[in-house]
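J.: From the sequence below, what's the structure:
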Amino acid sequence: MTNQADYQILLQEIVRTASKAALSAKDRKDDKLLFAYYDILDVIKTQAEIMDVPLDDIGMKDINVDSFLSAYVEIAKQKKAA
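T.: Here you go, the predicted model:
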C-alpha cells in the first residue's frame, strides 16, 4: 500500500528530472523542449500554491520556474532573428 510519503517522493523526482531537463534544453537552446518543461514545472508550482503545499516539500524551493520562460522567450527571439 502506498502512503503520502511515496507520492511526495514521486513528485520530488518528477520535479528534479524536469528541472534538470529544462536546464539541459536551455543549454542546447532547444526552445520547444524548454517550453514543455517550463509548462510541466509551472503546473506543478501553481497547483502546489493552490493547495497550500510548501514548495520545499516537493523540491521546488530553489527552482525559478519563470527563468525557464524568460530563457524560452530569449531563445525564440534569437531563432526568429537568425
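J.: Going by C-alpha atoms from here, please, whenever you check contacts or count neighbours.
T.: Will do.
J.: Check which helices and strands the host helix or strand of residue 69 sits against.
T.: Per DSSP states H and E, residue 69 falls inside helix 65-81. Helix 65-81 sits against helix 4-27, helix 31-50, with contacts defined as 3 or more C-alpha pairs under 8 Å, 6 or more residues apart in numbering; DSSP states H and E.
J.: mind running it again at 7 Å?
T.: Secondary-structure packing of helix 65-81 (3 or more C-alpha pairs under 7 Å, 6 or more residues apart in numbering; DSSP states H and E): helix 31-50.
J.: Contacts made by the helix it packs on with the rest, please.
T.: Helix 31-50 has contacts (C-alpha atoms under 7 Å, 6 or more residues apart in numbering) with 15, 18, 22, 25-26, 54-55, 65, 68-69, 72, 75-76.
J.: Could you list the low-pLDDT ranges of the chain?
T.: Low-confidence segments of the chain (pLDDT under 70): 1.
J.: tell me, what residue is most central in it?
T.: When C-alpha atoms, centre = their mean is applied to the chain, the residue found nearest the centroid is residue 41 (2.9 Å).
J.: Tally up the residues packed near residue 58, please.
T.: Per other C-alpha atoms under 10 Å, the neighbour tally for residue 58 reads 21.
J.: Surely it touches residue 8?
T.: Yes. Using C-alpha atoms under 7 Å, residue 58 is in contact with residue 8, at 6.4 Å.
J.: what touches both of those two?
T.: By C-alpha under 7 Å, 6+ apart, no residue touches both residue 58 and residue 8.
J.: Excluding chain neighbours, what is closest to residue 61?
T.: Nearest-residue entry for residue 61: residue 55, 5.0 Å, with adjacent residues in sequence omitted and distances by C-alpha to C-alpha, 6 or more residues apart in numbering.
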